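Trainee: sharing a sequence plus its predicted fold:
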Amino acid sequence: MKWYFVLLLFLTNFYCYSQTKIKKQQIDQHLYYEGKLADVYIDKMLYLHSSTPSFLAKITIKNKTSRQLGVDLGDYWKVVYPNQYGIHNAPRRDEINEGRIIPDSLNKKKKDALKKAFKENTLTLIPPNGKIQYYRDFNSGKKENLLIKKEEFLIISFDGQLFITDGKEEFERVFVKDGPNEKTDLVIKYPVGWGNISNPKEIINKK
């Protein structure tokens, strides 16, 4: 019976490790927007790719429905993107000095255009209860420029908009009002994590 208790102990430890890992993965993402059709998350780390000298942020869109959704990622300036960054001594910005967009209206004309794009398969599709991700650049430079001390915080404010539809009667505009607040500001603690991008097609470039 000794082997039984050894196996039970192993499985218990493995379960605890798995749950800790899952929680850590959840902590490593910042909830930027919580919506009816989809939620938008931003990784609490930065990315690099050989095709660009810029730093990149990873944005994930999670479909909350059992239907296929489409999101418009066709315009470099009409997605959620990093707007400004700085190194701070506290996990918040005390002074705000940035321009922000005036979002497009989700009116009948826009809805009709989204329906047409969905039908013509020109939107990026998100599977039911699934997710997609994209990367958006925000500054050229060296990693050394973003090295922070243990008592400092890298804060990146995000701006922009996204339009999502099921191609029928459901529409959603992703837009978060002016910061600073817990939604627009991505706070990265020491040390800054860096990742590589395996699929460069997920990088949104200027056209």
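Mentor: Perfect, I can see it now.
Trainee: ok, which stretches of this structure are helices?
Mentor: Counting by DSSP state H, the chain has helices at residues 2-27, 108-119.
Trainee: what's next to the shortest one, contact-wise?
Mentor: When you say that, I think you mean helix 108-119. 70, 72, 104, 123, 163, 165, 166, 167, 168, 171 (CB atoms under 8 Å, 6 or more residues apart in numbering). Using the backbone N, CA and C atoms, a C-beta is placed for each residue, glycine as well.
Trainee: mind listing what's buried in it?
Mentor: Within helix 108-119, the residues that count as buried by 16 or more other CB atoms under 10 Å are 110, 114, 115, 117, 118.
Trainee: same check, this time on stretch 47-58
Mentor: 47, 48, 49, 54, 55, 56, 57, 58.
Trainee: farthest pair in these?
Mentor: 54 and 58 (13.2 Å; CB to CB).
Trainee: by mean pLDDT, show me the worst of the helices of the chain.
Mentor: With a mean of 47, helix 2-27 has the lowest mean pLDDT of the helices of the chain.
Trainee: lowest average confidence across helices and strands of the chain, where is it?
Mentor: For the chain, the helix or strand with the lowest mean confidence is helix 2-27, at a mean of 47 (criterion: mean pLDDT, DSSP states H and E).
Trainee: in a markdown table, list the buried residues of helix 108-119 along with distance to residue 158.
Mentor: Converted to a markdown table, those look like this (distance: CB to CB, whole Å):
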| residue | distance to residue 158 |
| --- | --- |
| 110 | 22 |
| 114 | 22 |
| 115 | 28 |
| 117 | 24 |
| 118 | 26 |
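Trainee: closest to residue 157 out of these?
Mentor: Residue 157 lies nearest to residue 110 out of those, by CB to CB, at 25.6 Å.
Trainee: for residue 141, give me its contacts.
Mentor: By CB under 8 Å, 6+ apart, residue 141 lies in contact with 53, 54, 55.
Trainee: kindly apply the preceding question to residue 158 instead.
Mentor: Shown in contact with residue 158 (CB under 8 Å, 6+ apart): 32, 42, 57, 80, 81, 82, 83, 176, 184, 185, 186.
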